[in-house]
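Colleague: Here's a sequence, model it:
(chains A and B)
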Amino acid sequence: MQKTTIGGKLGLGFATVILLMLVSAAIAYVTLAGMDDSLTAMSDEAVPVVRASDDLLIGLNLASSAVRGYLLVGADADREADFHQSWTRAWSDVNAAAAELERLFAATTSPTDEEQLATIRAALPPFEAAQQRVMAARQAAGEGAGQELQQAIDLWESEAAAQAQSIRQAVERLRSAAVTRMNAAREDVERAADLVRWTLLISTLVAGAVAAVIAVVLSRGIVSSLQVLLTRVRSVAEGELRGEALAAGSSDEVGELAKGFNQMIVSLREVLSQATTMTGEVAAASSQIATGAQEQLSSLTETASSLNEITATSEQFKATMQEFADRARALQDAADETANRSADGRQLTRDSAARIERVRTNAQAAGESVLHLSEQMQRIGEITATVNEIAEQTKLLALNASIEAARAGEEGRGFAVVATQVRELANQSKDAVARIEGLISDTQKSMQDVVRKIEEGGQLSEDSADIVRRLSQAFEEIAQAVDQSREAMAQISTGAKQQEQGISELVGSISQIDSAQKESLAAAEQTQKSIVAIDQRIRSLNDAIARFKV
Amino acid sequence: MAHFDREAKPIDPSAPSDAADLWSRLRASIKGLESIGRRTSDPEAVARRMAERALAYRTKAESREGEASRLEILAFRKGAQRYGVMLDRVREVGSLEQFHPVPKAPPFLPGVVPWRGSILALLDLGRLFGVSETGLADVHHCVIVEAGGHRVAIVAGDVEEIHHAPADRIHPAPELPRNIQAEWVLGVYDENCLVLRIEQILQDPALTGWKQTKNFER
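Modeller: Purely as a prediction, here's the structure:
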């Protein structure tokens, strides 16, 4: 075959068929045009004539009936009027039909028709007049059957009937002539219709035959190729992409289609292999994403627990800070109290220092008194020494007196007694002196004790003064330290408050982070779900791809 | 302030009352001293005391009646040793205020003292008996004794008393060390008082030999 497309082949076939159709349509048109003329003649001439003839005859019959009714009714005025009115109407119809007939036959050339028209024209007025007379006679007769009425009826029967008969005949003739013409026209139409019918039948058959031939010819070239293609398409649809390429047998669209199909399979193979590769990559990526999402989820969960811990710890810390601030305040109060006490203490140490100074002065005075006492004791000692000396001398004198008395013999006995008494006195004096000396010695010891005590007291008061000085200094230092610690406590209190506030803000921030965290967690879970869905889709995609055998 | 008052009372609360008691007692005692002067200067009190004492001595003197057989011994002390001499050998006791050392004299004759216009040898019994090696720092007295025409001043620390001792209370001297001549000692009285035979001591050649060369005789 040459490079003739299917469109070309179809066009050739359809052109043949259309030509045949046009021929038959032309024949039918011509025939129908003739049939139209016949029908026009029939409807314009024959049918109106028949209708007018019928109207005329009906009007005549109505008029006759009205007259008869009028006659029969009698003196009833209302019914007389009715019948009269009907009669008038019937006559107007009759006249209108007659005028129509006149108009229809105005151009006629047929002598019979002229004759009949003349007859009708001549007979109508006398007939009307006859009826008028009858009715007049009836009126004149009045009620009941009178002579006049009978005359009128007779008249009617004699005169009017004959006239009516002639009119009727003329009209019938006119009508039958029209009917005859109509029948002739109908036969023409029927013939034309037969012609058209046959023409159409034949042309249809011929066109069908031509179309059948074209179809057979085309199907033998196209459908077989398409059949092969269809088989391959079905196998491809079932996933079989292997096999040899289709042979481009023809140069028409089917051949092109086969080429395109081959290309399509090649492209499909490429696409499928790429798709396999890419789904593998996507699956790997999605599994990585899934791992990442899992890790993110776990890390988010950890973060959430950490946040919870941070929140709890912060709350505890906040509570601790509040307590800390309270304690700092309490410490501040305690520091105030301490400051007051240390001020009191300083005052007390000043008082003590003054008193200790007085004690020292008193000790000095006491020392001076003891010095005075010691001098006096020394003087007493001197006097006692003198007394002792005197007593010693006295004793020696008494001894010598005793010796002299002994030498004097019996005369000296009384003297010896006196000497002995003097000696005794001297001994007593010596004893007294010894006692006084012992007392002085005791007194000296006591005074030494007193002096030592006073000295000790003075030293103690010096020490006390020193201690009080140091105490005062210590109180000063305490006051300074308390001031510092009070300041520090105030700072600590302020700091604790600020810290508490900061922790509140921190807790707020953490709760914000927590909500964000929850959102992130939800998003991560969503991500995981999506990844699972993606994974499922990839798997189903893989399944779908696996159906294709490349 | 209240706290400090409460805490500043570690001292024993009984101390002030003790101290107050002490001060009051001290004041009372010093007040009592005033009466001393009155007691010694009151003539009535002195007279009464003297009368009491005289009465006591009267009784004592009466009790000595009829005791002529007793020995009268003057006891004195030199160093740690007590000595006794018969009262009839004693001429005088006196204070040893000053003495003059004699060159080349034996150690028991530390020097000479003037007595009633004459010079007497000073005898140290401790050195003589070889009992005491102490010097003369603690001697304040001397006892002048006379026997057989010889007089000598015996150094004494303290002259004690004249004892009226019954003869049987003087126990014979026990065996003495060689350097104490047995004939110098009459006996021991009152446990540790060596009663000396002055006449024997003064006639001893150790003293007399020295004396002859020096010729202390009047």
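Colleague: from the middle of its chain, how far away would the helix or strand where residue A:99 lies be?
Modeller: Taking DSSP states H and E as the definition, one finds residue A:99 inside helix A:77-104. Remark: helix A:77-104 is offset 88 Å from the chain centroid, using C-alpha atoms, centre = their mean, to the nearest Å.
Colleague: Could I get the phi/psi values of residue B:130?
Modeller: Torsion angles at residue B:130 (phi, psi; degrees, to the nearest 10) stand at phi 70, psi 30.
Colleague: Could you tell me the per-residue confidence at it?
Modeller: Per-residue pLDDT puts residue B:130 at 76.
Colleague: Burial check on it, number of neighbours?
Modeller: Residue B:130 has 13 neighbours, counted by other C-beta atoms under 10 Å in any protein chain shown. (Glycine included, C-beta is placed from N, CA and C.)
Colleague: Distance of it relative to chain A?
Modeller: According to C-beta to the nearest C-beta, to the nearest Å, residue B:130 stands 28 Å off from chain A.
Colleague: tally of neighbours for residue A:312?
Modeller: The local packing of residue A:312 (other C-beta under 10 Å) involves 10 other residues.
Colleague: Show me what counts as buried in the helix holding residue A:99.
Modeller: Neighbour-count burial for helix A:77-104 flags A:80, A:83-84, A:86-87, A:90-91, A:93-94, A:97-98, A:100-101, A:104 (criterion: 16 or more other C-beta atoms under 10 Å in any protein chain shown).
Colleague: Can I get those residues in JSON lines including distance to chain B?
Modeller: Output for these, formatted as JSON lines (distance: C-beta to the nearest C-beta, whole Å):
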{"residue": "A:80", "distance to chain B": "156"}
{"residue": "A:83", "distance to chain B": "155"}
{"residue": "A:84", "distance to chain B": "155"}
{"residue": "A:86", "distance to chain B": "152"}
{"residue": "A:87", "distance to chain B": "156"}
{"residue": "A:90", "distance to chain B": "154"}
{"residue": "A:91", "distance to chain B": "157"}
{"residue": "A:93", "distance to chain B": "152"}
{"residue": "A:94", "distance to chain B": "157"}
{"residue": "A:97", "distance to chain B": "155"}
{"residue": "A:98", "distance to chain B": "159"}
{"residue": "A:100", "distance to chain B": "154"}
{"residue": "A:101", "distance to chain B": "159"}
{"residue": "A:104", "distance to chain B": "157"}
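Colleague: now these as JSON lines including pLDDT?
Modeller: Below are these laid out as JSON lines (pLDDT from 0 to 100):
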{"residue": "A:80", "pLDDT": "77"}
{"residue": "A:83", "pLDDT": "82"}
{"residue": "A:84", "pLDDT": "82"}
{"residue": "A:86", "pLDDT": "86"}
{"residue": "A:87", "pLDDT": "85"}
{"residue": "A:90", "pLDDT": "86"}
{"residue": "A:91", "pLDDT": "86"}
{"residue": "A:93", "pLDDT": "87"}
{"residue": "A:94", "pLDDT": "85"}
{"residue": "A:97", "pLDDT": "84"}
{"residue": "A:98", "pLDDT": "84"}
{"residue": "A:100", "pLDDT": "84"}
{"residue": "A:101", "pLDDT": "81"}
{"residue": "A:104", "pLDDT": "79"}
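Colleague: before we move on, back to that, next secondary structure after the helix holding residue A:99?
Modeller: Stepping forward along the backbone from helix A:77-104, the first helix or strand reached (DSSP H and E) is helix A:111-141.
Colleague: just checking, what packs against that following helix?
Modeller: helix A:47-73, helix A:77-104, helix A:147-155, helix A:161-237 (3 or more C-beta pairs under 8 Å, 6 or more residues apart in numbering or on different chains; DSSP states H and E).
Colleague: chain center to it, what's the gap?
Modeller: In terms of C-alpha atoms, centre = their mean, the centre of helix A:111-141 is set 100 Å apart from its chain centre.
Colleague: in that helix, what's buried?
Modeller: Those buried within helix A:111-141 under the rule 16+ other C-beta under 10 Å are A:113, A:116-117, A:119-120, A:123-124, A:127-128, A:130-131, A:133-135, A:137-138, A:141.
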